[in-house]
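*Asks:* fold the stuff below for me.
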Amino acid sequence: MADRSAQDSHREVIISFAWTTPALLAGAKTMTRRDWDADYARRFRAGMLVDAYDRSPRARGRKIAMIRLTRDPYFERVRGSLTPEVCRREGFDWLREHGQAATVERILASWDADPDLHEWVVEFELVSVEADR
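*Replies:* Numbering: from 1, shown residues only. Have a look, this model is predicted:
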């Protein structure tokens, strides 16, 4: 099999955004945390184009945007890492400002349930939004 560049490999992986889709589409979300195993996380590399979905394709999700990873994912303990800047990049400020504070609280409560929770952090930029979303 021929090698593919990070630019061409977006068809192999996706990220679904579900609750934070509105912040992503507004360009206010540039970071996400994921409960992935290490093998799956290694599929994602800086520079890679990734299809963004509104929910899992198994739940009839659809592609809503294209993102570009700005660095390789890294594994981090959630508790203690949620600075105001991180919360902004997660799209939480935007969601709160647009009447979705309950969504933010659900996400934070799920992370707070396990004081030793570690997740993969994915940093990205929005490249394009699907016209027919």
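
*Asks:* what helix or strand is the residue positioned nearest the centre of the chain on?
*Replies:* What sits nearest the mean C-alpha location of the chain, by CA atoms, centre = their mean, is T32, with 3.5 Å. Using DSSP states H and E, T32 falls within strand 31-34.

*Asks:* average pLDDT across that strand?
*Replies:* Throughout strand 31-34, pLDDT has a mean value of 97.

*Asks:* same question for stretch 97-110.
*Replies:* Throughout stretch 97-110, pLDDT has a mean value of 96.

*Asks:* which positions in it come out as buried?
*Replies:* 100, 103-104, 107 (16 or more other CB atoms under 10 Å). Where C-beta positions appear, they are placed from N, C-alpha and C, glycine not excepted.

*Asks:* with stretch 109-125 instead?
*Replies:* Buried residues in stretch 109-125, defined by neighbour count with 16+ other CB under 10 Å: 111, 119-124.

*Asks:* longest strand anywhere in this protein?
*Replies:* strand 118-129 (DSSP state E).

*Asks:* returning to that earlier point: cross the buried residues of stretch 97-110 against strands and list the overlap.
*Replies:* Judged by DSSP E, strands contain none of the buried residues of stretch 97-110.

*Asks:* looking at the buried residues of stretch 109-125, which is nearest V50?
*Replies:* Nearest to V50 among the buried residues of stretch 109-125: F124, at 7.2 Å, using CB to CB.

*Asks:* give me phi/psi at the closest residue to the closest one other than its chain neighbours?
*Replies:* Ranked by CB to CB, 6 or more residues apart in numbering and with sequence neighbours excluded, the top spatial neighbour of F124 is I67, at 4.2 Å. The phi/psi pair for I67 (degrees, to the nearest 10) reads phi -120, psi 160.
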